[in-house]
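> fold the following, please.
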Amino acid sequence: MCLGIPAQVVAIVDADAGLALAETAGVRRQINIALLAADGGDPSALIGEWVLLHVALPWR
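Alright, predicted model coming up:
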């Protein structure tokens, strides 16, 4: 089973590597934004935007 959890982009960690920091319910985690910034635009424009994080749950 997989879940999509909404998270807000709060910072760009490494623009060249396509890494950002996103927050959900006070929990921050590093995410990959390479596909979002693939158009060559400024990655800092993503700060404040909401994204869906893919969370895969292990099979039981």
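
> parallel or antiparallel, which strands does whichever strand in the chain runs longest pair with?
Ranked by residue count under DSSP state E, the longest strand found in the chain is strand 2-14. Strand 2-14 pairs in its sheet with strand 19-24 (antiparallel), strand 50-56 (antiparallel), by DSSP bridges.

> and the contacts of that strand?
By Cβ atoms under 8 Å, 6 or more residues apart in numbering, the residues outside strand 2-14 that reach it are 19-24, 28-31, 33, 43-44, 46-57. Where C-beta positions appear, they are placed from N, C-alpha and C, glycine not excepted.

> ok, back up a step: among the strands paired with strand 2-14, which is the most enclosed?
strand 19-24 (a mean of 18; mean count of other Cβ atoms under 10 Å).

> helix, strand, or coil at G41?
The three-state assignment at G41 reads coil, by DSSP: H, G, I helix; E, B strand; the rest coil.
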